[in-house]
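Asks: Here is my input; please provide its structure:
(one chain, ligands or ions: 1)
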Amino acid sequence: MKKRLFLIIMLISVVSSVLSCVMTTVVYYSFYVEDAENKLKSIVELTKDFENWEDEGKINSSVNKILNATDYSMRFTIIRKNGEVVYDSRAKNESLESHKDRPEVAAAFEKGHGEDTRYSSTTKTDMYYYAVKISENEVLRVSRDIRSINSVFIGILPVLVLLFVFLLVIVYASANSFTRRVLKPVKEMTRSLDEMLEDGEVSGVEIYDEFESLSLKIREQKIKINQYIDELKHERDTIGLITENMKEGFILINKNRQILSINTSGKHMIGNDKFDLRPSRNILELIRNSEILQQVENSIEKNIHTIHDIKKDGRHLRYYFSPVKEQYSLKATGLLILIEDITNQKNAEIMRREFSANVSHELKTPLTTIIGFAEMIKEGLITDSDSIRKYCGMINNEGLRLIALIEDIMRLSRIEEGVRPEENSNINLKEIAEETAALLSPKAEELNIHLEVKVVDAFIKANRNYMSELMYNLVDNGIKYNKSGGFVYISVKKDGRQIIISVSDTGVGIAEEYQDRIFERFYRVDKSRSKETGGTGLGLSIVKHIAELYNGKIELKTKEDEGTEITVTFSCLQ
Ligand code: ADP
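Replies: Numbers count the residues shown, from 1 in each chain. Purely as a prediction, here's the structure:
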């Protein structure tokens, strides 16, 4: 701005200087011409009454006197009415043509005097002619050359140049200082703009009144912009917070497939935890899976929502592709990719399917037996009362087994839902162990098994029925899979913040190959023995689920033919 202002001032000054020089020249020239004409007129008026215009010798001497008295050259000519030049102070008479038609001569014969200015081919300059009638037959014409305006201008040119340079220096100096002075408040205002925008005014700075409304406007705009920025920041932070805390993967790309945003879960699920989001990084740099990339293209090109499941490192991932559409044209301007880990859902689905198959199978077996025996009796194949009693007893047993099975299934389903039932705080596991031992001692006695209980007070915040169920299943198994005369040891002890329940027996033990599977639903090592003892294959599964519900840890130690010990440890419980 400073340079521009300076140049404008300089330009105006130079143009006005040139104009004033030109005007000075013109004015000067007109004064010069007028002065020259007046002088000539005065000389002519003074000399027209001269008496001896007939005597050439006297004319010559008089003219020479006049010419000597002036500092410029004049030409005296006497012309007759017929145009004949009778005297000329410069040219020879004979060489001059008729002057009859010269405007000043004609005017002088007519009105007594006449004048004219024209270029003279004789003297090769502009000439001013003034003629007066000195007798009826003659006019006296005096002329002098008048320099052209160009020569006048050239004559005063050095002065003009000097004047111009002088003006230029003065204008340069004043333009500089003027520009600086004019711009000083603007500079100071710019320097103090931040302060001014904060407080509305600045101390010690003189600001043009015209700028006050401008600074007010800037201030208003700054406040608005700050508000917008704050809102945008807030929105960005909120969105960032939401996406960062989502357990689903979140990726946003534009239509050029460049990644605009990605959250930590997204990087993790894709298996690229170290991915660094820099501007213009393409989706190809993040995802290598061709199926997913195909879906990205498909969804953007066709502008449709798609879902695609893939299996990666044993996990099931579901990708949702949603085009981001323009508000009006509804064209896809980008793509939102959400990744959900559906491993648990998938596993639950598989488990549900297996469970249904197992349940159907388990229920079918006793029912087939019941129907078989019932049919035999109906058909009259069994007639004697002892056999009928025997088969009815078997039908009864199978029925009871069926009920036990259904009860176990229902119990397991409830536990598996994962919803903790009402918790009775301060459950003493010592009491539970003693109650279980008391409940199962008749069965133990019947099978000649000795129960030994070694427990301490151990309080736990849990559901009482669940804890009884857990203890019952463990002790029941210890009795069921034991040998006559064998032992079952029930122990509850505390170790720091841990409570350890342990049920060990001196029974048949479990072969190594089955050890991993005994906690599965419906899994039984020896089906016939289990069936014999009324087992459903769900007992340990129920134990496992109850333990998991209270973050307990199960450990199995067993040796075939020697015995089994199952330990459940609960941590950080009171
Ligand atoms: P069940 O109702 O058949 O007892 P469980 O789920 O309680 O079902 O046990 C699964 C299988 O694990 C049993 O069929 C049995 O073969 C084996 N088992 C469980 N506890 C013991 C134990 N204390 N000693 C030996 N085998 C056991």
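
Asks: Every contact and neighbour count from this point should use C-alpha atoms.
Replies: Fine.

Asks: Kindly report the residues of the stretch 351-500 of the chain close to the ligand.
Replies: Asn477, Gly478, Tyr481 (C-alpha under 6 Å from any ligand atom).

Asks: Now the first one: phi and psi?
Replies: Just to be clear, that refers to Asn477. Dihedral pair for Asn477: phi -60, psi -40, per degrees, to the nearest 10.

Asks: hmm, back to that, in the residues of the stretch 351-500 of the chain next to the ligand, which residue is surrounded by the most others?
Replies: Each of these was scored for neighbours by other C-alpha atoms under 10 Å, and Gly478 scores highest at 30 neighbours.

Asks: Next, the contact list for that one, please.
Replies: By C-alpha atoms under 8 Å, 6 or more residues apart in numbering, the contact set of Gly478 is Val488, Val503, Ser504, Asp505, Gly507, Thr564.

Asks: what's the helix or strand for it?
Replies: Take DSSP states H and E as the rule and Gly478 turns out to sit in helix 464-480.

Asks: Which positions in that helix come out as buried?
Replies: Using 16 or more other C-alpha atoms under 10 Å as the test for burial, helix 464-480 gives 464, 466-480.

Asks: ok now it, how far from the chain's centre?
Replies: 62 Å (C-alpha atoms, centre = their mean, to the nearest Å).

Asks: what do you get for stretch 79-97?
Replies: Distance of stretch 79-97 from the chain centroid (C-alpha atoms, centre = their mean) equals 101 Å.

Asks: Pull up the distance across stretch 323-340, start to finish.
Replies: 17 Å (C-alpha to C-alpha, to the nearest Å).

Asks: Now render the residues of the stretch 351-500 of the chain next to the ligand as JSON lines, adding pLDDT.
Replies: Conversion of these to JSON lines gives the following (pLDDT from 0 to 100):
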{"residue": "Asn477", "pLDDT": "95"}
{"residue": "Gly478", "pLDDT": "96"}
{"residue": "Tyr481", "pLDDT": "93"}
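
Asks: Output the helix holding Gly478 as PDB - backbone C-alpha positions only.
Replies: Extracted in PDB, the C-alpha atoms of helix 464-480 (Å, rounded to 0.1, in the frame of the first residue of the first chain):
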ATOM      1  CA  ARG A 464     -26.800 -68.900  47.600                       C
ATOM      2  CA  ASN A 465     -28.600 -71.400  45.300                       C
ATOM      3  CA  TYR A 466     -25.900 -71.100  42.700                       C
ATOM      4  CA  MET A 467     -23.200 -71.800  45.300                       C
ATOM      5  CA  SER A 468     -25.100 -74.800  46.600                       C
ATOM      6  CA  GLU A 469     -25.500 -76.000  43.000                       C
ATOM      7  CA  LEU A 470     -21.800 -75.700  42.400                       C
ATOM      8  CA  MET A 471     -20.900 -77.500  45.600                       C
ATOM      9  CA  TYR A 472     -23.600 -80.200  45.100                       C
ATOM     10  CA  ASN A 473     -22.400 -81.100  41.500                       C
ATOM     11  CA  LEU A 474     -18.800 -81.400  42.600                       C
ATOM     12  CA  VAL A 475     -19.500 -83.600  45.600                       C
ATOM     13  CA  ASP A 476     -22.100 -85.600  43.700                       C
ATOM     14  CA  ASN A 477     -19.500 -86.400  41.000                       C
ATOM     15  CA  GLY A 478     -17.000 -87.300  43.700                       C
ATOM     16  CA  ILE A 479     -19.400 -89.800  45.000                       C
ATOM     17  CA  LYS A 480     -20.700 -91.000  41.700                       C
END
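
Asks: Who are the packing partners of the very next helix or strand once past that helix?
Replies: For helix 464-480, the succeeding helix or strand toward the C-terminus, using DSSP H and E, is strand 487-495. Other helices and strands packing on strand 487-495, by 3 or more C-alpha pairs under 8 Å, 6 or more residues apart in numbering; DSSP states H and E, are helix 429-446, strand 450-455, helix 464-480, strand 498-505.

Asks: May I have the secondary structure class of the closest residue to Pro103 other than its chain neighbours?
Replies: Closest residue to Pro103 apart from its sequence neighbours, by C-alpha to C-alpha, 6 or more residues apart in numbering: Asp116 at 6.7 Å. Three-state assignment for Asp116 (DSSP: H, G, I helix; E, B strand; the rest coil): strand.

Asks: Please report how far Asp116 lies from the ligand.
Replies: From Asp116 across to the ligand, the span is 145 Å (C-alpha to the nearest ligand atom, to the nearest Å).

Asks: what does Leu556 give?
Replies: 10 Å.

Asks: Where does that residue sit, in terms of helix or strand?
Replies: Assigned by DSSP H and E, Leu556 belongs to strand 553-559.

Asks: Which residues of this structure lie near the ligand?
Replies: Within the chain, the positions near the ligand by C-alpha under 6 Å from any ligand atom are 477-478, 481, 507-510, 518-519, 523-526, 530, 535-541, 564.

Asks: ok so, going back, quick check: the farthest pair among the contacts of Gly478?
Replies: Val503 and Gly507 (11.8 Å; C-alpha to C-alpha).

Asks: more neighbours, those two?
Replies: Taking neighbours as other C-alpha under 10 Å, Val503 and Gly507 compare with Gly507 leading, 27 against 23.

Asks: what's the closest non-adjacent residue to that one?
Replies: Asn482 is the one closest to Gly507 (C-alpha to C-alpha, 6+ apart), at 3.6 Å.

Asks: need the contact list for the one you found.
Replies: Asn482 makes contact with Ile449, Asp505, Thr506, Gly507, Val508, Gly563, according to C-alpha under 8 Å, 6+ apart.

Asks: now these in JSON lines, with pLDDT?
Replies: What follows is the contacts of Asn482, written out as JSON lines (pLDDT from 0 to 100):
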{"residue": "Ile449", "pLDDT": "96"}
{"residue": "Asp505", "pLDDT": "97"}
{"residue": "Thr506", "pLDDT": "96"}
{"residue": "Gly507", "pLDDT": "94"}
{"residue": "Val508", "pLDDT": "94"}
{"residue": "Gly563", "pLDDT": "95"}
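
Asks: Can you tell me which of those is nearest Glu417?
Replies: Comparing the contacts of Asn482 against Glu417 with C-alpha to C-alpha places Asp505 closest, at 31.3 Å.

Asks: okay, now the closest one: neighbour count?
Replies: When neighbours are counted by other C-alpha under 10 Å, Asp505 registers 27.

Asks: Just list whatever residues bridge to the closest residue to it other than its chain neighbours.
Replies: In this structure, Asp505 finds its nearest non-sequential neighbour in Val488, 4.4 Å apart by C-alpha to C-alpha, 6+ apart. Beta-bridge partners for Val488, by DSSP bridges, are Leu451, Asp505.

Asks: Val488 contacts Asp476, doesn't it?
Replies: No - in this structure, Val488 is not within contact of Asp476 by C-alpha atoms under 8 Å, at 9.5 Å.

Asks: in a strand, that's where Gly83 is, yeah?
Replies: No - membership of Gly83 in a strand is not supported by three-state DSSP, which gives coil.

Asks: Pull the contacting residues for it.
Replies: The contact partners of Gly83, by C-alpha under 8 Å, 6+ apart, come to Ser98, His99, Lys100, Asp101.

Asks: CSV for those, including neighbour count and secondary structure?
Replies: Below are these laid out as CSV (neighbours: other C-alpha atoms under 10 Å; DSSP: H, G, I helix; E, B strand; the rest coil):
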residue, neighbour count, secondary structure
Ser98, 14, coil
His99, 19, coil
Lys100, 17, coil
Asp101, 11, coil
